[in-house]
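Visitor: Quick check, what structure comes out for this input:
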Amino acid sequence: MLVSDLSTNEYSVFNATYINATDSNVALLDGLKYGLPQLVNFIKNIPAEKLEYRYAEGKWTIKDIVLHMADTERIFAYRALRISRGDQTPLPGFEENDYVPLAFANSRSIENLLAEYENARKATISFFESLNEEQLLFMGTASNTAISVRAIAFIITGHQNHHLRVISERYL
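Guide: Below is the predicted model of the structure:
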């Protein structure tokens, strides 16, 4: 299943940013699987002095971004779990800017943050591997908008790609 298989009614305009950041030739599970070593290797090659750098006042550090990606992945995987099990309860959004200061990423080692990210991604991969085609098509509501389970997987991949691009352009 490729991102091109998605219908625009499976995700919001906001999430189109992440959908569009996915490689249209990479299958759903492959994007999640290839993204893990891609992120880890990318971050490990950043000089230590850059990991807590902020390119402007109030912006996140690279450590903040790594933990933000793990947090966001968990939230999106939880949404996919609920929707894939037929839960039609509208799922609330979250304010990412409220999470970052309370996560204390800069007090942790990059190795610890990457291990947490790896664990979150491995759990995400295991979960999506367990779903059948029917479950991937299930629709639910998250952040006041309709979303499919398969769109969530592509959003997770695109979210990572988006942040890797931001780090490359603004931090390095």
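
Visitor: Let me know the distance separating D87 from R79.
Guide: Relative to R79, D87 is positioned 10 Å away (Cβ to Cβ, to the nearest Å). C-betas here are computed from N, CA, C, even on glycine.

Visitor: how many other residues sit next to E134?
Guide: 9 (other Cβ atoms under 10 Å).

Visitor: hmm, back to that, what touches both of D87 and R79?
Guide: G140 (Cβ atoms under 8 Å, 6 or more residues apart in numbering).

Visitor: which of those two has more neighbours?
Guide: The residue with more neighbours, out of D87 and R79 and counting by other Cβ under 10 Å, is R79; that gives 21 against 13.

Visitor: give me every residue that touches the more buried one.
Guide: L91, G140, A142, I147, I152.

Visitor: so where's the chain uncertain?
Guide: Within the chain, no stretch has pLDDT under 70.

Visitor: For it, just list every one of the strands.
Guide: Here the chain has its strands, by DSSP state E, at 139-142, 145-148.

Visitor: how distant is the last one from the center of its chain?
Guide: Distance of strand 145-148 from the chain centroid (Cα atoms, centre = their mean, to the nearest Å) equals 16 Å.

Visitor: got it, and the first one?
Guide: Between the mean C-alpha location of strand 139-142 and the chain-wide mean there is a distance of 17 Å, by Cα atoms, centre = their mean.
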